[in-house]
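>>> Model the following, please.
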Amino acid sequence: MIRSTTADASRGGAPLGSPDTAPPTARTGGRGRAGHGRRSWAGATAKATLAVLAAAVATAGCEAPAADGSAPPPAPPGSTPSDDAKPVARRSASPDASPTPPKAAPSSASPTATATAGPTAAPEPSTKPDPQGTPLIASGTQGDRVRELQARLRQIGHFDRSPTGYYGTVTATAVRSFQTKRGLAATGETDTVTWQRLLDMTRPPTATELRPPTTLPVTKPDKRCMTGRVLCISKNSRSLSWMVDGRVVSSMDVRFGSQYTPTREGTFSVFWKSRHHVSTIYHTAMPYAMFFSGGQAVHYSADFAARGYAGASHGCVNVRDEQKIAALFAQVKEGDKVVVHG
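Take a look at the predicted model:
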């Protein structure tokens, strides 16, 4: 290199690279062509380097290049700055890394409630059931259920007589009284609600309560009835009790004469018995007749059995239970005492 410079200087030219000399552009010597080739290669290299840098800058944007000279990874989609200009954290560039699922927002609902949630409840019917219940026993009904109803009502003071087994006006009035006192609809008809309330307040009736000997409770016997064999007849309780030495053997319902033909009161005795007697005045049958005062007698009455207390006798003591009067007729003897009292 020193040698070449000296040779050029000996030819009277300035040394190569002198600041006051222009670059040799028109030389045709071998050395000049070699130098020009070197300069052309250097310029091409510089241009290539500039192109690479320009491409790097264009692709990198504002990112600084990595320290090892490698290009930074491309920004993931959606990593643009947020509205408040805070940069969004860059995700990992590893191709094997799966994206992190977003965290669910905390729920205010209790997890226990969610886990134990059951099936949706069925909608309520549009029409509500009748709060009074379904009709169970109506007026005009007869049978053992009616007899039990009457016995239970009698236990709590709403039915003032013995059960008959027939749902008539007296029973309807008693049911209405019970319903009114218990805050139920006072219909007089026995529905399921009324019946259940009555069952809750009473006990199962005994056999005697279901079929008592008389419609009304038998009153305390008159003192004249406490000795011997006595037909003790009470107008107050409308009952006849067959008593022996102060003990009641049997009792039964009886009916008396009207205000125009009243049954006489007092102490009498049976003076005649006639099993198939027929009245000579009214020409009516008087079976099982036991006469105690003139033409007045204790006997069975088919009219009393059919119409009850709606009618009256002509002064006799009527019995409506034929079986009871038949048994009584068999036991009573002529001469036995008869006491009729108020």
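>>> What values do phi and psi take at D222?
As for D222, its main-chain torsions (degrees, to the nearest 10) stand at phi -60, psi 150.
>>> excluding its backbone neighbours, what's nearest it?
H341 (4.7 Å; Cβ to Cβ, 6 or more residues apart in numbering). C-beta coordinates here come from the backbone N, C-alpha and C atoms, glycine included.
>>> I figured the one you found hits S234, correct?
Yes: between H341 and S234 there is a contact under Cβ atoms under 8 Å: 6.2 Å.
>>> Who has more neighbours out of those two?
Per other Cβ atoms under 10 Å, whichever of H341 and S234 has more neighbours is S234, with 23 against 17.
>>> Contacts only, for that one.
Applying Cβ atoms under 8 Å, 6 or more residues apart in numbering, we find S234 in contact with V218, T219, D222, L240, S241, H341, G342.
>>> For it, give its distance to H314.
S234 is 20 Å from H314, where distance means Cβ to Cβ, to the nearest Å.
>>> same thing with T208?
Computed as Cβ to Cβ, the T208 to H314 distance reads 33 Å.
>>> do the same with K333
According to Cβ to Cβ, K333 stands 26 Å off from H314.
>>> Repeat that for P205.
For P205, the distance to H314 - Cβ to Cβ - is 37 Å.
>>> Need the contact partners of whatever helix or strand R176 lives in.
Counting by DSSP states H and E, the element that carries R176 is helix 169-181. Defining contact as Cβ under 8 Å, 6+ apart, one finds that helix 169-181 is touched by 139, 146, 149-150, 153, 156, 158-159, 161, 184-190, 194, 198.
>>> of the residues you listed, buried ones?
For these, a neighbour count by 16 or more other Cβ atoms under 10 Å gives the buried set as 146, 149-150, 153, 158-159, 161, 184-185, 188-190, 194, 198.
>>> Can you pull the phi/psi pair for Y288?
When read as degrees, to the nearest 10, the backbone of Y288 gives phi 60, psi 40.
>>> Show me where the protein dips below the pLDDT cut-off.
Applying pLDDT under 70 to the chain picks out residues 1-132.
>>> what do you get if the cut-off is 50, keeping everything else the same?
Counting by pLDDT under 50, the chain has low-confidence residues at 1-37, 41, 56-102, 104-118, 123, 125-127, 129.
>>> those strands in it, which residues are they?
Taking DSSP state E to define them, one finds strands in the chain at 135-137, 190-191, 229-234, 239-244, 247-255, 266-269, 272-278, 285-293, 296-300, 317-319, 337-341.
>>> Parallel or antiparallel, list what pairs with the shortest one.
The reference is to strand 190-191. Sheet pairing for strand 190-191, assigned by DSSP bridges, gives strand 135-137 (antiparallel).
>>> Please identify the buried residues of the partner strand?
L136, I137.
>>> which residues are contacting it?
R145, V146, L149, Y167, E189, T190, D191, T192, T194, W195.
>>> still on that earlier bit, what touches both of H341 and S234?
D222.
>>> hang on, the earlier thing: who has more neighbours out of K333 and H314?
Neighbours per residue, other Cβ under 10 Å: of K333 and H314, the larger number sits with H314, 17 against 9.
>>> Spit out the contact partners of the more buried one.
So H314 contacts G257, S258, T261, I281, Y282 (Cβ under 8 Å, 6+ apart).
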